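*Asks:* Sequence plus predicted model, see below.
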Amino acid sequence: MLEVDHYRFQADRARRMADRVTDAVVREKLLEMASEFGRYAALIEAKAREKLAQAVTA
């Protein structure tokens, strides 16, 4: 799960940076990045759950 933790950390980092910047364009881009990192983490988690379910039913 280290990869998931990495993406969650990066999402949080991007959100914290967005909170500190004053430029609206930069803030929006950072929030978009945070969202993408969150999606990557969710996809990795979903694939891991799917693999686990397949292993249990096999």
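*Replies:* Arrived safely, thanks for sending. Fair warning: this is a prediction, and the values are worked out from it, not measured in the lab.
*Asks:* contacting residues for Ala11?
*Replies:* 33-35, 37-38, 41 (Cβ atoms under 8 Å, 6 or more residues apart in numbering). Glycine gets a C-beta too; all of them are placed from N, C-alpha and C.
*Asks:* Give me the buried entries from the residues you listed.
*Replies:* Among those, those classed as buried by 16 or more other Cβ atoms under 10 Å are 33-34, 37-38, 41.
*Asks:* ok, back up a step: which pair of the contacts of Ala11 spans the longest distance?
*Replies:* For these, the farthest-apart pair by Cβ to Cβ is Met33 and Ala41; their separation is 12.8 Å.
*Asks:* List just the nearest of the contacts of Ala11 to Leu2.
*Replies:* Relative to Leu2, the closest of the contacts of Ala11 is Ala41; by Cβ to Cβ it sits at 11.3 Å.
*Asks:* Geometric centre of the protein: which residue is closest?
*Replies:* Most central in the chain under Cα atoms, centre = their mean is Gly38, positioned 2.2 Å from the mean C-alpha point.
*Asks:* helix or strand for Thr22, which one?
*Replies:* If you go by DSSP states H and E, Thr22 is not part of any helix or strand.
*Asks:* Neighbours of it, how many?
*Replies:* Residues lying near Thr22 (other Cβ atoms under 10 Å) number 6.
*Asks:* so what pLDDT did Met1 get?
*Replies:* You'll see Met1 listed with a pLDDT of 61.
*Asks:* now swap in the one 10 residues further on and tell me
*Replies:* In this model, Ala11 is scored at 98, pLDDT.
*Asks:* Can you point out the helix or strand that includes it?
*Replies:* Element membership for Ala11 (DSSP H and E) is helix 2-20.
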